[in-house]
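Trainee: Sequence and predicted structure are below.
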Amino acid sequence: MRAGNEEDAPRVPRQRRADWLSGVRITGVLGVFYRPEGLIAEPEAVEFLLADGQSLLLTCASDGSLRVGPGSWPGLPDWCVPSGQWEFATVSGLPRPPDGGWTVVRTEERGDANGQVREAVIRCEGGSFVVGGGDTVAIRFTRGHRGAPSPT
């Protein structure tokens, strides 16, 4: 997502709606990591790269809720200060995208009793990305209907 033009924004989620990314193709998923902690740590955010050149950023708020909004790929998020201490990197445990990427068939937001989003599920052909909020972002890819972790 390029900053400054709301008309070009990806269809970002609306509370508890299940269609905010339907039909979009995901060509990659990268973590945003704080370098001093190394890549062993959980990412501070994840950025979904979309086939049209835009991106979607999922990150945690100070209360542990999950924030979903436009990304700034290939630039780092504005809060990555100083920028030299942050980097995009692959997230361990996620599969490589298939040729052409994953096509999103449905999205879900799961919240708490206060209406805060705690988890987002992006269901694609062949599996689902499950992104959870907390101190850091947790992400996993599951295959099938039972939610078993995907072999990579």
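Mentor: Everything's here; your move.
Trainee: Now stretch 112-123: average pLDDT?
Mentor: What stretch 112-123 shows for mean pLDDT is 88.
Trainee: Likewise for stretch 82-94?
Mentor: The average pLDDT for stretch 82-94 rounds to 93.
Trainee: Break down the protein into its strands, ranges please.
Mentor: Residue ranges of the strands in the chain, as given by DSSP state E, are 25-34, 45-50, 55-60, 66-70, 86-89, 102-111, 117-124, 127-132, 138-143, 148-149.
Trainee: can you pull the pLDDT of the nearest residue to residue 140 once chain neighbours are set aside?
Mentor: The shortest distance from residue 140 to any non-neighbouring residue, by CB to CB, 6 or more residues apart in numbering, is to residue 130 (5.3 Å). Heads up, the C-betas are built off the backbone N, CA and C, glycines and all. Per-residue pLDDT puts residue 130 at 96.
Trainee: Next one, pLDDT for residue 2 please.
Mentor: The model's pLDDT for residue 2 equals 29.
Trainee: My understanding was that residue 20 contacts residue 107; is that so?
Mentor: Yes: Residue 20 is within contact range of residue 107, at 5.2 Å (criterion: CB atoms under 8 Å).
Trainee: between the strands of the chain, which one is nearest to residue 80?
Mentor: strand 86-89 (3.8 Å; CB to CB).
Trainee: Need the strands of the chain in CSV (columns: distance to residue 95 and mean neighbour count).
Mentor: CSV is the format used below for the strands of the chain (distance: least, CB to CB, whole Å; neighbours: other CB atoms under 10 Å):
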stretch, distance to residue 95, mean neighbour count
strand 25-34, 9, 20
strand 45-50, 14, 24
strand 55-60, 18, 23
strand 66-70, 22, 18
strand 86-89, 16, 16
strand 102-111, 9, 18
strand 117-124, 11, 20
strand 127-132, 8, 21
strand 138-143, 6, 18
strand 148-149, 10, 11
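Trainee: Adding distance to residue 80, write those strands out as JSON lines.
Mentor: Putting these into JSON lines (distance: least, CB to CB, whole Å) gives the following:
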{"stretch": "strand 25-34", "distance to residue 80": "7"}
{"stretch": "strand 45-50", "distance to residue 80": "9"}
{"stretch": "strand 55-60", "distance to residue 80": "10"}
{"stretch": "strand 66-70", "distance to residue 80": "15"}
{"stretch": "strand 86-89", "distance to residue 80": "4"}
{"stretch": "strand 102-111", "distance to residue 80": "25"}
{"stretch": "strand 117-124", "distance to residue 80": "21"}
{"stretch": "strand 127-132", "distance to residue 80": "19"}
{"stretch": "strand 138-143", "distance to residue 80": "18"}
{"stretch": "strand 148-149", "distance to residue 80": "29"}
